[in-house]
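A.B. asks: Sequence and predicted structure below; questions after.
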2 protein chains.
Amino acid sequence: MGTEGPAGEKMMPKNPDCACPRDCPRHGDCEACITFHKTRPNPPDCMRVKRRPAPRGTGRCLLVAGGPSGDRAGVELKAAPGDLVIACDAGYPAALQLGLKPALAVGDFDSYGGEIAPDVEVVRTPVRKDDTDTMTGLRLGLSRGCRDFVIVGALGGRLDHTVANLQALCWLCTQGARGVILSADNRAWAVRDGALELPRMEGWYLSVFAAGECEGVTLRGVEYPLTGARLSPSMPIGVSNEFSADTARIEVARGTLIVIASRREARDTEKNETAPAGAAE
Amino acid sequence: MGTEGPAGEKMMPKNPDCACPRDCPRHGDCEACITFHKTRPNPPDCMRVKRRPAPRGTGRCLLVAGGPSGDRAGVELKAAPGDLVIACDAGYPAALQLGLKPALAVGDFDSYGGEIAPDVEVVRTPVRKDDTDTMTGLRLGLSRGCRDFVIVGALGGRLDHTVANLQALCWLCTQGARGVILSADNRAWAVRDGALELPRMEGWYLSVFAAGECEGVTLRGVEYPLTGARLSPSMPIGVSNEFSADTARIEVARGTLIVIASRREARDTEKNETAPAGAAE
């Protein structure tokens, strides 16, 4: 079904909703479609291949965002059976580089205009929208049943996106889900009204930041423990803690904490070895 | 007063508090001091030059943190009369590279062990402490009378430090002060219970993030305006707004907003052109 186009793309028979300005009998046959497709790698609506919907997630969602390649250098991520792999815009080629096969590609595709394999479900969003492509990907993952997100390519690019992605982790907590962002030199989690346990990471600092007012913050298994403390987003006293046990436990009775592990020997030259909150205890 | 040491450093007469393990009549004359100084660029306590205290700030505080050099590429910053220049640890050589002459160098100096000019006041902090070197620098600037901070070298390195530095901007607001962080591709401000006006920045996105719950958020002069909205740190809907007038005005009736301008053509590959909060209005 469908015909092969000039660039090897599949073209589908016209349907009544076709946005093509010409009344060609078959998609991609008219000059407007072909010209458009030649200059823009993504086909217009009338030329889009109907793709099989991606399966519902039964396990984790592996979400690859479009951050710079250095951000994901060395990140190893294997999809297990049941994992749903979602690529956001330029995260599509990034996912392939990571050895992941996306089931779903989402975005306005202003950052990536290359080919997308025909068996990948594509969810195209408008350029003008409230959510970033990454947030749209997370919403999709949630709607497909995933509650456990592993996100790559979400740090190390534009600072506004980095902060938005950290806040997206907090948002996942409000949805009964949880996420981790993995990158070359940093990892991030959010924990809301609960606890997070992390196995010791040799050579990494561990920092906690309040996303909003936090009460009952308790840190165990770290060099500078805390018990029942209040933290605020206007007082960064949780920077550069260190693992002191096989497991670090970060607990917050009320509120949301962003937890960041940063590699000690990152590309940064600022190595402030600070004793964070609790050091004076 | 004092004698010149083997590396050109000034040595001061012994005082009763000298930590030198040898009872040499003058500092730096004993073998222990000289050996220490030869192997560690920073002199031990007994060899430290007494420096003239930096003047009180009568204008801005220019604070240079130790972020990676790429972070400050292209940042132009000139000290005006009355400006107090503070360098934090590895920010000292960075300040010199920027053409700034620090009056004050602060930190535990685990990142920078080189020479510091003798007329620079040095405030040495312990390695184990609650504050990062950058926070210590801000506290010093405040204590010397500054209320207007321009910070360089505070983004683009370790993610934990970047987030801590953004929260430090929020902290400045609680101290009746204000700050801006300048970097190659990003600029950041914080505004608390008030308004921030920014002249149009061509080629930059403008994003707002709630640091804690925010009420009465009004954005004017931007592509996606907002009026009296509530924003939360668990919902990143203020990403990638754009200037639409000569001045953008960001207002928050109650709470603290972090405002980030990110260069459109940064090194990032994710260019999600999203319509943030208010786009649907």
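C.D. replies: Yes, it's here.

A.B. asks: Residue A:131 is in what secondary structure piece?
C.D. replies: Residue A:131 is located outside every helix and strand, with elements delineated by DSSP states H and E.

A.B. asks: burial of it, as a residue count?
C.D. replies: Other residues within reach of residue A:131 by the criterion other Cβ atoms under 10 Å in any protein chain shown amount to 21. Placement of C-beta: from N, CA and C, glycine included.

A.B. asks: Surely it and residue B:237 touch.
C.D. replies: Yes: with contacts defined as Cβ atoms under 8 Å, residue A:131 counts as touching residue B:237 at a distance of 7.5 Å.

A.B. asks: Taking the stretch 1-150 of chain A, what residue is nearest to chain B?
C.D. replies: Going by Cβ to the nearest Cβ, chain B is nearest to residue A:66 of the stretch 1-150 of chain A, at 3.4 Å.

A.B. asks: So that residue lies in a strand, does it not?
C.D. replies: No: assessed by DSSP: H, G, I helix; E, B strand; the rest coil, residue A:66 does not belong to a strand; its assignment is coil.

A.B. asks: confidence score at it?
C.D. replies: According to the predicted model, the pLDDT of residue A:66 comes to 92.

A.B. asks: Might one say that it is in contact with residue A:95?
C.D. replies: No: counting by Cβ under 8 Å, no contact exists between residue A:66 and residue A:95, whose distance comes to 10.0 Å.

A.B. asks: Next up, phi/psi of the residue of the stretch 1-150 of chain A closest to chain B, please.
C.D. replies: Backbone geometry at residue A:66, expressed as degrees, to the nearest 10, gives phi -90, psi 30.

A.B. asks: Same check on residue A:118?
C.D. replies: The main-chain torsion angles of residue A:118 are listed as degrees, to the nearest 10 and equal phi -60, psi -20.

A.B. asks: thinking again about what came up before, for residue A:129, see how far away the residue of the stretch 1-150 of chain A closest to chain B is.
C.D. replies: Shown here: residue A:66 relative to residue A:129, a distance of 15 Å by Cβ to Cβ, to the nearest Å.

A.B. asks: Equivalent analysis for residue A:212, please.
C.D. replies: Look at residue A:212 and residue A:129: by Cβ to Cβ, they are 25 Å apart.

A.B. asks: Now do the contacts for residue A:71.
C.D. replies: Residue A:71 makes contacts with A:153, A:154, A:155, A:156, A:157, A:183, A:184, as judged by Cβ atoms under 8 Å, 6 or more residues apart in numbering or on different chains.

A.B. asks: you'd agree the fourth one is in a helix?
C.D. replies: Just to be clear, that refers to residue A:156. No: looking at residue A:156 with three-state DSSP, it is coil, so not inside a helix.

A.B. asks: For the residue nearest to it when sequence neighbours are not counted, give me the pLDDT.
C.D. replies: Computed as Cβ to Cβ, 6 or more residues apart in numbering or on different chains, the closest residue to residue A:156 that is not its neighbour in sequence is residue A:71, at 3.3 Å. Each residue has a pLDDT score; the one for residue A:71 is 91.

A.B. asks: pretty sure residue A:71 belongs to a helix, no?
C.D. replies: Yes: if the criterion is three-state DSSP, then residue A:71 is within a helix.

A.B. asks: Tell me the predicted confidence for residue A:125.
C.D. replies: We note a pLDDT of 85 for residue A:125 in this prediction.

A.B. asks: residues near it, how many?
C.D. replies: By other Cβ under 10 Å, the burial measure for residue A:125, its neighbour count, is 19.

A.B. asks: doesn't residue A:107 make contact with it?
C.D. replies: Yes: with contact defined as Cβ under 8 Å, residue A:125 counts as touching residue A:107 (6.1 Å).

A.B. asks: Show me the common contact partners of those two, please.
C.D. replies: Both residue A:125 and residue A:107 are contacted by A:133, A:136, under the criterion Cβ under 8 Å, 6+ apart.

A.B. asks: in stretch A:112-132, what's buried?
C.D. replies: Using 16 or more other Cβ atoms under 10 Å in any protein chain shown as the test for burial, stretch A:112-132 gives A:112, A:116, A:120, A:121, A:122, A:123, A:125, A:129, A:130, A:131, A:132.

A.B. asks: And the pLDDT at the third one?
C.D. replies: It refers to residue A:120. On the pLDDT scale, residue A:120 is placed at 95.

A.B. asks: Go ahead and confirm it touches residue A:106.
C.D. replies: No: the pair residue A:120 and residue A:106 does not pass the contact test of Cβ under 8 Å, sitting 10.3 Å apart.

A.B. asks: quick check: mean pLDDT across stretch A:191-199?
C.D. replies: Computed over stretch A:191-199, the average pLDDT equals 95.

A.B. asks: Show residues contacting it.
C.D. replies: Contacts of stretch A:191-199 (Cβ under 8 Å, 6+ apart): A:170, A:173-174, A:189, A:206, A:243, A:246-257, A:259, A:261, B:234.

A.B. asks: re the thing from before, looking at the buried residues of stretch A:112-132, which is nearest residue B:102?
C.D. replies: Distances from the buried residues of stretch A:112-132 to residue B:102 were compared by Cβ to Cβ; the smallest belongs to residue A:132, at 38.9 Å.

A.B. asks: So residue A:106, which state does it fall into?
C.D. replies: strand.

A.B. asks: mind listing what it touches?
C.D. replies: Shown in contact with residue A:106 (Cβ under 8 Å, 6+ apart): A:86, A:87, A:88, A:89, A:122, A:123, A:124, A:125, A:133, A:136, A:137, A:140.

A.B. asks: List the beta-bridge partners for the third one.
C.D. replies: This means residue A:88. Here residue A:88 sits in beta bridges with residue A:106, as judged by DSSP bridges.

A.B. asks: so what pLDDT did it get?
C.D. replies: Here the pLDDT value assigned to residue A:88 is 95.

A.B. asks: and it, how many neighbours does it have?
C.D. replies: Burial of residue A:88, expressed as a neighbour count using other Cβ under 10 Å, amounts to 37.

A.B. asks: what's the spacing between it and residue B:215?
C.D. replies: 31 Å.

A.B. asks: Also residue A:99?
C.D. replies: Counting by Cβ to Cβ, the gap from residue A:99 to residue B:215 is 46 Å.
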